[in-house]
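Peer 1: sharing a sequence plus its predicted fold:
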Amino acid sequence: MKDKSGHEPLKVNRREFFAACAASAVFRSKLHANAPFPVKFRQQPAWAAVVGLIEPGSDEFAGEKLAFEIESGLAEAFRTGRIPVAPNCGGISPFPVRYDAFAPGVSKAVFGHDRNIVQGYRQWRDSLGNVRYARFFYLPGGMVRSTYVA
């Protein structure tokens, strides 16, 4: 069956798909698609000079302040290796107890019941090795997406 442009769709079986995913880690670019870069317009908008002076959350985007605080706090914790948690903070360690392979070259992280978040965070951070670049994105629903380049 052809698509709108008249081309046949590429058919990939599961083995080829997982092989491509595994190869993408080996042949990854040193640059990152989500890395911020400055955008210069031919004519700057009238408010461009003051936009950097606006405090996050002081405009109609109230959630922006919370997102900024979470993202900058996680970036600082990643840089220093110390995660700021309240004494009554609850949860489980972010460091997996094991990885279960479910396809050649593909594994799934399995988390245990360890309640020591601070120690688990340190173990997880140390397991990444030398990281040159890390960025965090606070998403709706309390989710955080992270990207890092080793």
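Peer 2: Yep, it's here. Numbers count the residues shown, from 1 in each chain.
Peer 1: next one: stretch 114-126 to chain centre, how far?
Peer 2: Counting by Cα atoms, centre = their mean, to the nearest Å, stretch 114-126 is centred 18 Å from the centre of its parent chain.
Peer 1: residues in contact with that stretch: which ones?
Peer 2: Contacts to stretch 114-126, defined as Cβ atoms under 8 Å, 6 or more residues apart in numbering, come from residues 77-78, 81, 83, 85, 89-95, 97. For every residue, glycine as well, the C-beta is placed using N, CA and C.
Peer 1: which residues outside stretch 52-70 are in contact with it?
Peer 2: 136, 138, 144.
Peer 1: go with 7 Å
Peer 2: With contacts defined as Cβ atoms under 7 Å, 6 or more residues apart in numbering, stretch 52-70 is touched by 138, 144.
Peer 1: output it as PDB, restricted to C-alpha atoms.
Peer 2: Listed next in PDB are the C-alpha coordinates belonging to stretch 52-70 (Å, rounded to 0.1, in the frame of the first residue of the first chain):
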ATOM      1  CA  GLY A  52      14.900  38.400  30.000                       C
ATOM      2  CA  LEU A  53      13.900  40.600  32.900                       C
ATOM      3  CA  ILE A  54      10.500  39.000  33.300                       C
ATOM      4  CA  GLU A  55      10.400  36.700  36.300                       C
ATOM      5  CA  PRO A  56       9.000  33.200  35.500                       C
ATOM      6  CA  GLY A  57       5.400  32.900  36.700                       C
ATOM      7  CA  SER A  58       4.800  36.700  36.800                       C
ATOM      8  CA  ASP A  59       2.800  36.600  33.600                       C
ATOM      9  CA  GLU A  60      -0.200  34.500  32.500                       C
ATOM     10  CA  PHE A  61       2.000  31.300  32.600                       C
ATOM     11  CA  ALA A  62       1.800  30.600  36.300                       C
ATOM     12  CA  GLY A  63       3.200  27.100  36.000                       C
ATOM     13  CA  GLU A  64       6.300  28.400  34.400                       C
ATOM     14  CA  LYS A  65       7.800  29.400  37.800                       C
ATOM     15  CA  LEU A  66       7.300  25.900  39.200                       C
ATOM     16  CA  ALA A  67       8.800  24.400  36.100                       C
ATOM     17  CA  PHE A  68      11.800  26.700  36.200                       C
ATOM     18  CA  GLU A  69      12.400  25.900  39.900                       C
ATOM     19  CA  ILE A  70      12.200  22.200  39.300                       C
END
